[in-house]
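>>> Provided below are the primary sequence and the corresponding predicted coordinates.
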Amino acid sequence: MAQGEAGLRLKALAAARGDSLAALSAMLGRNAAYLQQFVARGSPRRLAPDDRRRLADYFGVDEVELGGDPGRRPFTLPRLDVAASAGPGAFVDGEVTLGAAAIDPALAMRLGLREGMAAIVRVRGDSMEPGLVDGDLIVVDQARRTPDAQGRVFVIRIDDAVMVKRIARRRERLTIASDNPAAPPVPDGKVEVIGRVVWLMREPR
C-alpha cells in the first residue's frame, strides 16, 4: 500500500472508532501532531515499525494496511493460559488461548519456528533461576520434543502438572532437573515432553 493510502486508511480507522489522531499519537508516546502530520502531510513518510505494529494491533488490522511491507509480516504466536511451573508443578485442565503476540519474522526464521507449532507461556516459580524467573514469557517450539545429551530446557507435563525443566537423554533415559539447586525434587510420574524453550521474551535484568 502506498504511504498516502496508508494515511487515509489510518484516518478512516480512527474515525470509525471515534478516536482522534491526537489521542492515538499520545497512545504511542508521541507529540499530539505526530499522526496528523503523517496523514495530512506525509511526514514522516512511513510510520516507525513499533508505532505501526501498535496501531495495527489496536485496530485489529494487518500492518500492510498501515504501510507495512507485505514481505515482513510479523510471525504471530498464540499466548496460552498455561503457567509452566518452575516449582513443584502447575495443575491445569486445558490450554486456553489468551491472545497472540508477534515476533519479527527474521527471528522466527532463525529459531526455526513453524506456524501452528509454537506458543508463548508464562513461567511460574523460581526453580529455574537464574536463567528463568517468575513471570517470564517463553517461546516453546512444540516441533522439538526430543531431548539430547546436552541438557536443554523444555516444557513438560508430569501426570497433570505442567512445568519447565532441564532435560537430557542419557543411555535411553531422561534426566530431569531444575537449575536452582535449592528447588524441591521433580515429582515422579509419566513424562510428556510438550516442547523446547527456544526464546525468552523479556528485557535483560
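Now that the structure is in, tell me what you want to look at. Numbering: from 1, shown residues only.

>>> For stretch 152-167, buried residues please.
Buried residues in stretch 152-167, defined by neighbour count with 16 or more other CB atoms under 10 Å: 153-158, 161-167. In this view, the C-beta of every residue, glycine as well, is placed from N, C-alpha and C.

>>> any idea how far stretch 111-124 is from the chain center?
Centre-to-centre, stretch 111-124 and its host chain are 7 Å apart (CA atoms, centre = their mean, to the nearest Å).

>>> which parts of that stretch are buried?
Result for stretch 111-124 [16+ other CB under 10 Å]: buried residues 113, 118, 119, 120, 121, 122, 123, 124.

>>> Enumerate every residue touching residue 7.
Counting by CB atoms under 8 Å, 6 or more residues apart in numbering, residue 7 touches 38, 39, 40, 42.

>>> List only buried entries from the residues you listed.
38, 39.

>>> wait, which of the contacts of residue 7 is closest to residue 187?
Nearest to residue 187, judged by CB to CB, of these is residue 38 at 55.3 Å.

>>> from the buried residues of stretch 111-124, which is closest to residue 13?
Minimum distance to residue 13 across those is 26.6 Å, recorded for residue 120 (CB to CB).

>>> just checking, that closest one touches residue 75?
No - here residue 120 does not reach residue 75: they are 11.6 Å apart, not a contact under CB atoms under 8 Å.

>>> got the buried residues of stretch 111-124 as CSV, with pLDDT and distance to residue 101 columns?
What follows is the buried residues of stretch 111-124, written out as CSV (pLDDT from 0 to 100; distance: CB to CB, whole Å):
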residue, pLDDT, distance to residue 101
113, 89, 13
118, 90, 11
119, 88, 10
120, 88, 6
121, 87, 11
122, 86, 12
123, 89, 15
124, 86, 18
